[in-house]
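J.: Test case, fold it:
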Amino acid sequence: MRIVAEHTRAAAFLIGDDKTPVLPSNEERGYAVRRVLREPCTTAATTSVFDRPFMAEVTNAAVDTMGQAYPELRARSEFALRIIQPEEERFEETLSRGEDLLNDVIEQAKRPN
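T.: Okay, here's the model as predicted:
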């Protein structure tokens, strides 16, 4: 749970920064944000902590908790959510496809030659 909370909070701050937001991408700082966003999804998938998309709820909790001390986080929370939600959904699809491919390979390996 700490991994989920810490990584989601970090992503909310990075994406929600009002001066230099960092958006997920395949290059440089954006890649670091993408990895920060994917870690909670991977952790949740491997530990069965969540069975549905959850990062929006955790992001909202981070905004509620930290918003008074960091008003820019509260002001940019909708923007952050518009980035975080689809990123989580795309990665969940990627994990699901990868799991299906892995299961196919395992089944093929179990078959006698």
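J.: Let me know how buried the residue nearest to residue 83 when sequence neighbours are not counted is, in neighbour terms.
T.: Among residues not flanking residue 83 along the chain, residue 15 sits closest, at 5.0 Å (CB to CB, 6 or more residues apart in numbering). In this view, the C-beta of every residue, glycine as well, is placed from N, C-alpha and C. Neighbour count of residue 15, defined by other CB atoms under 10 Å: 25.
J.: Which secondary structure element is home to residue 15?
T.: helix 2-16 (DSSP states H and E).
J.: Residues in contact with the helix or strand following that helix: which ones?
T.: Per DSSP H and E, the first helix or strand lying C-terminal to helix 2-16 is helix 28-47. By CB atoms under 8 Å, 6 or more residues apart in numbering, the surrounding residues in contact with helix 28-47 are 3-4, 7-8, 10-11, 14-15, 22-26, 49-50, 54-55, 58, 84, 87-88, 91-92, 95.
J.: can you tell me which residue is nearest the centre of this protein?
T.: Centroid check for the chain by CA atoms, centre = their mean gives residue 37 as the closest residue, at 3.1 Å.
J.: For that residue, give its distance to residue 29.
T.: Applying CB to CB, to the nearest Å, the value for residue 37 to residue 29 is 13 Å.
J.: tell me the average confidence for the biggest helix by length in the chain?
T.: For the chain, the helix with the greatest residue count under DSSP state H is helix 77-110. Across helix 77-110, pLDDT averages out at 93.
J.: Then stretch 3-23?
T.: The model assigns stretch 3-23 a mean pLDDT of 91.
J.: Would you check the distance separating that stretch from the middle of the chain?
T.: Per CA atoms, centre = their mean, to the nearest Å, the displacement of stretch 3-23 from the mean C-alpha position of its chain is 10 Å.
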